[in-house]
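> give me a model of this one.
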Amino acid sequence: DTKNRWIKLSKLVPWDEIEPIYRKHFDNSKQTVIKSCRLIMGLILGQMLMKLSDVDIVDYFHENPYFQYFCGETTFIPKLDKRVIHPSLLSKRRHRLGEKYAKAFENEIIKALKKEGLVKGKKLILDATVFPADITYPNDVKLLNTVRDYLCKTILIVKNSIDPTRKIRTYRKVARRCYLNFQKTKRKSSQFIRRTRKSMIQYVDRNIQQLDGLLAELQIKMNQNVPLFKQWHYDHILEQIAVSKTILEQQIHMATTRGRSVANRIVSFHRPEIRPVVRGKEGTSVEFGPKAHIALVDGYAILDDCQFEPFNEGIRLVDSLESHRVRFDRNPELILADQLYANRYNRQHLNELSISHSFKRTGRPPNESPTEKQKHQRTFRKRQGQRNHVEATIGHLKNDFNLDKVTWSVPGGAIMQIHFGLIASNLHKASLAMT
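Numbering: from 1, shown residues only. Model (predicted):
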């Protein structure tokens, strides 16, 4: 069935161009034993298109012969045979490849779409959005309790490795009761919140001091070549303690100053890179996740920039123009964006390049006839309506291409997931355009 979607998608992906880029991330001694690029990338793209987990996409691989063809298999492989790939390998490959590979993959897809004549680069639409991270909605007491729970468990592990008979008073049961009492209280007064937060700060401070003392003892024994802990485990604990101390400092600062904000505020203990992004939208005034700057070219979405720190997308127009010029060897004839981009510098830059835009006119109204004025108003409304296509595309990405929650937790995994979500969306659109 040549009209099957997986058959059509397999013809769009430039597998031969991507394979050398993939193999650069592995030693020469591993080249003959690693899984092929087509298998790994096929599973990841299928994951984004089907909105499935690592385990579910491997199961789907064994159920669908068309999807197996998309992943590079020439014969059907039933699940009863030796498993082709373990689901955990997908996470390991994401960790190894990183976001640079995802960006290179996206560039190769754009080149393939240009070759097919689907993307020409005449019109550029810009907008920014936040892709929400898969974290619980943060509050101060819950965050401190998460830190305290990790510290207590780690204290027990380190203490048992040094001396199982030693007694350490962590107050974990008392602190747990304090936290549950807070969570079960429906109407929390400001005084009750401050009192509970103060108690949790004291518990966390005590546990950090206890764990620091145990790690100092552990380091002495490790220097004496006593095999109590593996080095990677010890380093991981040190990283988590550093995050714990930062959270404690921030919470003490807010508690003592009666403030609600602090610089580089951490809202998730296990995902410390995530920052609150104030958006000012109805219903979601603050979002938690990476903020992405999206360029929409002929209906195909491209990731221009992505950061966890909040940024003003209005000053990114010149950078987006430069990226567009690199991708398509030309400037766009028209740029559509909201009024946040309509600053004086951007207007001057577009005028110098003779690029049309959708911004409102500035200064005194020109001396125009009523017909010319109505014509300009119609053009402005038409361009604003065309700009709204990027809003629909962003909603489509979040609803249909596994970007409603950013779940990849490996270093750089969030940006990788956004890249692959956009790639899957572009391939899906291209396959429909070629029917």
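
> let's verify the closest residue to residue 138 other than its chain neighbours: helix, strand, or coil?
Spatially, and ignoring its direct neighbours in sequence, residue 138 is nearest to residue 267 (4.0 Å; Cβ to Cβ, 6 or more residues apart in numbering). From N, CA and C alone the C-beta is placed, and that goes for glycine too. Of the three states, residue 267 takes coil under DSSP: H, G, I helix; E, B strand; the rest coil.

> residue 267 reaches residue 274, doesn't it?
Yes - between residue 267 and residue 274 there is a contact under Cβ atoms under 8 Å: 5.9 Å.

> quick check: neighbours shared by those two?
135, 288 (Cβ atoms under 8 Å, 6 or more residues apart in numbering).

> the strands in the protein, which residues?
Ranges of strands in the chain, per DSSP state E, are 123-130, 276-281, 284-288, 291-297, 300-307, 334-336, 356-357.

> ok, residues contacting the shortest one?
Applying Cβ under 8 Å, 6+ apart, the set of residues contacting strand 356-357 from outside is 333-337, 342, 347, 350.

> skip the chain neighbours and tell me the closest residue to residue 22.
Distances taken as Cβ to Cβ, 6+ apart place residue 37 nearest to residue 22, at 3.7 Å, with adjacent residues excluded.

> I should have written residue 171 there, sorry.
Closest to residue 171 by Cβ to Cβ, 6+ apart is residue 203, at 5.9 Å.

> by mean pLDDT, which helix or strand of this protein comes out lowest?
For the chain, using mean pLDDT, DSSP states H and E, the weakest element among its helices and strands is strand 276-281, scoring a mean of 79.

> any idea of the angle it forms with strand 300-307?
130 degrees (axes from the mean of the first three to the mean of the last three Cα atoms, to 10 degrees).

> just the CA coordinates of strand 276-281, formatted as CSV?
Extracted in CSV, the C-alpha atoms of strand 276-281 (Å, rounded to 0.1, in the frame of the first residue of the first chain):
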residue,chain,number,x,y,z
PRO,A,276,8.3,30.5,35.9
VAL,A,277,7.4,32.5,32.7
VAL,A,278,4.9,35.3,33.2
ARG,A,279,2.6,35.3,30.1
GLY,A,280,-0.3,37.4,31.3
LYS,A,281,-2.9,35.2,29.5
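
> show me the contact partners of that strand.
Counting by Cβ under 8 Å, 6+ apart, 130, 265, 267, 285-289, 291, 310 sit against strand 276-281.

> re earlier: the residue nearest to residue 138: neighbour count?
Neighbourhood size, residue 267 [other Cβ atoms under 10 Å]: 21.

> for the nearest residue to residue 172 once chain neighbours are set aside, give me its contacts.
Leaving aside its chain neighbours, residue 172 sits nearest to residue 152 (4.3 Å; criterion: Cβ to Cβ, 6+ apart). Contacts of residue 152 were listed using Cβ under 8 Å, 6+ apart, and they are 170, 172, 207.

> please report the distance of the second one from residue 203.
Distance, residue 172 to residue 203, using Cβ to Cβ, to the nearest Å: 8 Å.

> so for the two, which residue has more residues nearby?
Ranked by neighbour count (other Cβ under 10 Å), residue 172 and residue 203 place residue 203 first, with 23 against 17.

> one step back: which residues touch the residue nearest to residue 138?
Neighbours of residue 267 in contact, by Cβ under 8 Å, 6+ apart: 135, 138, 143, 274-276, 288.

> may I ask which of these comes out lowest in pLDDT?
Least confident of those in the model: residue 138, at 87.

> pretty sure that one contacts residue 269?
No - using Cβ under 8 Å, residue 138 is not in contact with residue 269; the gap is 9.6 Å.

> those two: which has the busier surroundings?
A direct count of neighbours by other Cβ under 10 Å for residue 138 and residue 269 places residue 269 higher, at 21 against 17.

> about what we covered before: now the strands of the chain in JSON lines, with mean neighbour count and distance to residue 423?
Shown next, in JSON lines, are the strands of the chain (neighbours: other Cβ atoms under 10 Å; distance: least, Cβ to Cβ, whole Å):
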{"stretch": "strand 123-130", "mean neighbour count": "23", "distance to residue 423": "17"}
{"stretch": "strand 276-281", "mean neighbour count": "13", "distance to residue 423": "24"}
{"stretch": "strand 284-288", "mean neighbour count": "15", "distance to residue 423": "23"}
{"stretch": "strand 291-297", "mean neighbour count": "22", "distance to residue 423": "13"}
{"stretch": "strand 300-307", "mean neighbour count": "20", "distance to residue 423": "9"}
{"stretch": "strand 334-336", "mean neighbour count": "22", "distance to residue 423": "23"}
{"stretch": "strand 356-357", "mean neighbour count": "17", "distance to residue 423": "28"}
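
> residue 2: which of those is closest?
strand 300-307 (23.6 Å; Cβ to Cβ).

> give the pairing partners of the closest one; include direction for each.
strand 291-297 (antiparallel) (DSSP bridges).

> could the C-alpha coordinates of the partner strand be exported in PDB?
Taking C-alpha atoms only, strand 291-297 is exported to PDB below (Å, rounded to 0.1, in the frame of the first residue of the first chain):
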ATOM      1  CA  LYS A 291      10.000  29.300  26.000                       C
ATOM      2  CA  ALA A 292      10.300  28.700  22.300                       C
ATOM      3  CA  HIS A 293      10.600  31.200  19.400                       C
ATOM      4  CA  ILE A 294       8.800  29.700  16.400                       C
ATOM      5  CA  ALA A 295       9.300  30.700  12.800                       C
ATOM      6  CA  LEU A 296       6.500  29.600  10.400                       C
ATOM      7  CA  VAL A 297       7.600  29.500   6.800                       C
END
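
> tell me the mean pLDDT for that strand?
94.

> check stretch 93-111 too.
For stretch 93-111, the per-residue pLDDT averages 93.

> just to revisit the earlier point, with distance to residue 257 added, can I get the strands of the chain in a markdown table?
Shown next, in a markdown table, are the strands of the chain (distance: least, Cβ to Cβ, whole Å):
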| stretch | distance to residue 257 |
| --- | --- |
| strand 123-130 | 28 |
| strand 276-281 | 18 |
| strand 284-288 | 20 |
| strand 291-297 | 27 |
| strand 300-307 | 27 |
| strand 334-336 | 44 |
| strand 356-357 | 44 |
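
> among these, which is nearest residue 102?
That would be strand 300-307 among the strands of the chain, by Cβ to Cβ, at 8.9 Å.

> starting at the chain centroid, how far to the closest one?
11 Å (Cα atoms, centre = their mean, to the nearest Å).
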